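Trainee: Please work out how this folds:
(chains A and B)
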Amino acid sequence: MPDRPLVRRRTAVLGLAATALVAGCDHGDDIGPSGSGRPSTTSPAVTATSSAPAEQTPDETLVDQVTAELGTALAVAINARKAPQLRTAMAPLVKAHRKQLRVLEGQLPRKSPPRPPPVAAVALRQVRRGEKQLQAALVDAAGRAESGALAKLLASISASVTQFLATLPSDVTP
Amino acid sequence: MTTELDALQTTLAAEHAAVYVLGLIGSRTSESDEAELYVALRAAYEAHRDSRDTLVGEIAALGETPSPAAAAYTAPSGLDTTDGRYQAALALEQACASTYGALVGATSGTRRVEAIGLLNDVAARELSFRGIPEIFPGADEYADR
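Mentor: Numbering: from 1, shown residues only, chains lettered A, B, ... in the order given. Have a look, this model is predicted:
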């Protein structure tokens, strides 16, 4: 059913995200909200079941899996951004993943405790590996989504990751 | 509701236009003085030509008549400069990305997998025309959310 709208994930998850996280997430720190997500695609019937979440649909499960992968990739990019040599290169990737997570109604990573900056070359390898893993997961999920709209969104994010992977620095100077 | 066949025909129409316009841009590009652009244009042209031919076969296999190419297409503006040629090629690829995004949403199974591949390929090609990574290539409706 390619033209079915996106499906909202369990509202219990959304409720938790809404109460646990503060508002505003493009301010550059590592804590942010899940955002308002996909308001135009949520059916009133789904919203009305918020106090008693039903069993997840396959697409809801798919979105949970993808947002987990995306959240992990974002955390890796945020960590890499702490390396001065990678700050500029990581900034647009971090921004993109934040926005993609927001549209998918995923939770942003929690702020990690202060740590020394990572070794840039190691962090870059981790980012590259994480993005490749994320790209494969997105392509797979886009192929399996029941909703055409969800498939399109996931495929679009996979294409975004393709672009970022192609523009990552090939190496960093120590 | 857009059917799979509608989406295939729409994508084929976009491929016809892409082949024409890329050929036009290529004809204004110097292979020696603008080698980087020329190579990128050639790669894009071949990709769209292959995609066009595949779509013609797929639509015919469904028992339908593939949309024919138009006699001519409106030439993009600005083709008299190198920057203009880059911009025109990038705009064309971005438009194709939107078409492929719609195709992903309207298909399932193997055809959807192929459409996802087309979207990823065109997103990568955008970079060869001075494009920068986008957050939602082929799905502009999410850009402002």
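Trainee: alpha carbons only for contacts and neighbour counts from here, please
Mentor: Fine.
Trainee: For chain A, what lies in contact range of chain B?
Mentor: A:2-3, A:37, A:96-97, A:99-100, A:103, A:139, A:142-144, A:147-153, A:155-160, A:162-164, A:166-167 (C-alpha under 8 Å from any C-alpha of the partner chain).
Trainee: In helices only, show me those residues.
Mentor: A:96-97, A:99-100, A:103, A:139, A:142-144, A:148-153, A:155-160, A:162-164, A:166-167 (DSSP state H).
Trainee: Can you flag the buried ones in these?
Mentor: A:96-97, A:99-100, A:103, A:139, A:142-144, A:148-153, A:155-160, A:162-164 (16 or more other C-alpha atoms under 10 Å in any protein chain shown).
Trainee: State the number of residues packed around A:A80.
Mentor: 28 (other C-alpha atoms under 10 Å in any protein chain shown).
Trainee: no no, B:D50
Mentor: By the criterion of other C-alpha under 10 Å, B:D50 has 14 neighbours.
Trainee: repeat for A:L134
Mentor: 24.
Trainee: From chain B, how far off is it?
Mentor: Per C-alpha to the nearest C-alpha, to the nearest Å, A:L134 is found 14 Å from chain B.
Trainee: what's near enough to touch that residue?
Mentor: Taking C-alpha atoms under 8 Å, 6 or more residues apart in numbering or on different chains, we find A:L134 in contact with A:E69, A:L70, A:A73, A:S158, A:V161.
Trainee: all strands for chain B, in order.
Mentor: Read by DSSP state E, chain B holds no strands at all.
Trainee: near chain A, which residues of it show up?
Mentor: Within chain B, the positions near chain A by C-alpha under 8 Å from any C-alpha are B:1-2, B:101-102, B:104-109, B:112-113, B:116, B:119-121, B:123-124, B:127, B:132-139, B:142, B:145.
Trainee: hmm, which of those are the buried ones?
Mentor: The neighbour count (16+ other C-alpha under 10 Å) marks B:101-102, B:104-108, B:112-113, B:116, B:119-121, B:123-124, B:127, B:133-139, B:142 as buried among those.
Trainee: Name all residues that make contact with A:A77.
Mentor: Applying C-alpha under 8 Å, 6+ apart, the residues near A:A77 are A:M90, A:L93, A:V94, A:V127.
Trainee: Let me know the angle separating the helix or strand hosting it from helix A:148-167.
Mentor: Per DSSP states H and E, A:A77 falls inside helix A:58-81. Orientation of helix A:58-81 against helix A:148-167 (axes from the mean of the first three to the mean of the last three C-alpha atoms, to 10 degrees) gives an angle of 20 degrees.
Trainee: Check whether B:A143 really touches A:S160, as I assumed.
Mentor: No: B:A143 lies out of contact with A:S160 (C-alpha atoms under 8 Å); the separation is 11.9 Å.
Trainee: Name the residues contacting each of the two.
Mentor: Residues touching both B:A143 and A:S160 (C-alpha under 8 Å, 6+ apart): B:I135, B:F136.
Trainee: Now intersect the contacts of A:A77 with the helices, please.
Mentor: Per DSSP H, helices hold the following members of the contacts of A:A77: A:M90, A:L93, A:V94, A:V127.
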